[in-house]
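Student: Got a sequence here, can you model it:
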Amino acid sequence: MDVSIIIPAFNEQAKISTDIISAEHFLLENKFTGQIIIVDDGSTDKTFQVAEQTKVKKPIMLLVIKVPQHVGKGNAIRTGVNCSQGRYVLFADSGNCIPYKYALSAIRMIQEGQCDMGYASRKLPQSTILKPQSLRRQITSWIFRNIVLFRLVPSELTDTQCGFKVYKGDIARKLYAQSVCDGFLLDVEIIKRAVKNKYRIREFPVEWSCDPDSRLSLFKNLPKLIRELGRLMTMR
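Tutor: As a prediction, the model looks like this:
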């Protein structure tokens, strides 16, 4: 199939159906064959049930996976990628922060041999921020990039944590199968493994709106963050 779309979800019952429909429209409008993979990361609400009850048109396939307990966004993405079959693998955060149409530029870059992995970046001059982050989240993001990520990722990458990435399918499945991080540092681990394997990463501009209902918290997840940082610092 052409494209596998992975959407990790944790307590997203109010948004998950819209996420699925938006992904379906993208595939159908562009005449892609593909699958939409929802990975419920141990939600305590009805995310799984709502996702399962959402209907998609053929030939699009919908796969809904339930992780028994909440492990982390990284584990959810890895679970979805490992089940993917597409020539291209697209990972997107729940909430439609970035319209799916922007994945076309990343797919085109991969098709033309410009890169192996396309990363959306909110920091590029051509990107448009429709709804910015709160001041608190902007400060947290600055701390994360300039302290936590210091020397861990290539300096030319401007936005490692944006939740919208496109990969060659075989490369995505190889890298995620090797990964060990369960939290949001998985993005950094994948970059390190990609650089080690000499895969090419190229960023592309997008239109982005902040989701005020985001479940990610740098300080709430600090113990796990420190453990995963230790793994990344010693990873060869």
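
Student: contacts, neighbours, all on C-alpha from now
Tutor: Will do.

Student: Kindly state the pLDDT recorded for S17?
Tutor: Looking at S17, its pLDDT is 98.

Student: Under a three-state scheme, what state does it occupy?
Tutor: Recorded secondary structure, S17: helix (DSSP: H, G, I helix; E, B strand; the rest coil).

Student: In which helix or strand does I20 reside?
Tutor: Element membership for I20 (DSSP states H and E) is helix 16-29.

Student: Can you list the strands that the helix or strand following that helix pairs with?
Tutor: Moving toward the C-terminus from helix 16-29, the next helix or strand (DSSP H and E) is strand 34-41. Paired neighbours of strand 34-41 in the sheet (DSSP bridges): strand 3-9 (parallel), strand 61-67 (parallel).

Student: Give me the contact list for the helix holding I20.
Tutor: Residues from elsewhere that reach helix 16-29, judged by Cα atoms under 8 Å, 6 or more residues apart in numbering: 3, 5, 9, 33-34, 36, 47, 50-51, 54, 56-57, 60, 94-96, 100-101.

Student: Comparing the strands paired with strand 34-41, which comes out most buried?
Tutor: strand 3-9 (a mean of 27; mean count of other Cα atoms under 10 Å).

Student: isn't F10 right next to F48, touching?
Tutor: No. Under the criterion of Cα atoms under 8 Å, F10 is not in contact with F48, lying 9.4 Å apart.

Student: hmm, back to that, using PyMOL, define a selection of the buried residues within the contacts of helix 16-29.
Tutor: A single PyMOL command is used to select the members of those judged buried by 16 or more other Cα atoms under 10 Å:
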select buried, resi 3+5+9+33+34+36+47+51+56+60+94+95+96+100+101
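
Student: returning to that earlier point: can you lay out the strands paired with strand 34-41 as TSV showing mean pLDDT and distance to G163?
Tutor: Output for the strands paired with strand 34-41, formatted as TSV (pLDDT from 0 to 100; distance: least, Cα to Cα, whole Å):
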stretch	mean pLDDT	distance to G163
strand 3-9	98	10
strand 61-67	98	19
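
Student: so which of the ones you listed gets nearest W208?
Tutor: strand 3-9 (16.8 Å; Cα to Cα).

Student: If the closest residue in space to A103 that isn't next to it in sequence is in a bridge, with which residues?
Tutor: Closest residue to A103 apart from its sequence neighbours, by Cα to Cα, 6 or more residues apart in numbering: V166 at 6.9 Å. Note on V166: beta-bridge partners by DSSP bridges are L90, G118.

Student: show me what contacts V166?
Tutor: Y88, V89, L90, F91, A103, A106, I107, M117, G118, Y119.

Student: So the first one versus T234, what's the distance?
Tutor: What that stands for is Y88. 30 Å (Cα to Cα, to the nearest Å).

Student: out of those two, which sits in the more crowded spot?
Tutor: Taking neighbours as other Cα atoms under 10 Å, Y88 and T234 compare with Y88 leading, 25 against 7.

Student: Quick one: residues contacting that one.
Tutor: D2, V3, S4, I107, V166, Y167, K168, G169.

Student: Need the overlap of contacts for F10 and F48.
Tutor: Listed as contacting both F10 and F48 by Cα under 8 Å, 6+ apart are D40.

Student: Tell me which other helices or strands the helix or strand containing A172 touches.
Tutor: Element membership for A172, per DSSP H and E: helix 169-178. Other elements packing on helix 169-178 under the criterion 3 or more Cα pairs under 8 Å, 6 or more residues apart in numbering; DSSP states H and E are helix 73-82, strand 88-92, helix 186-196.
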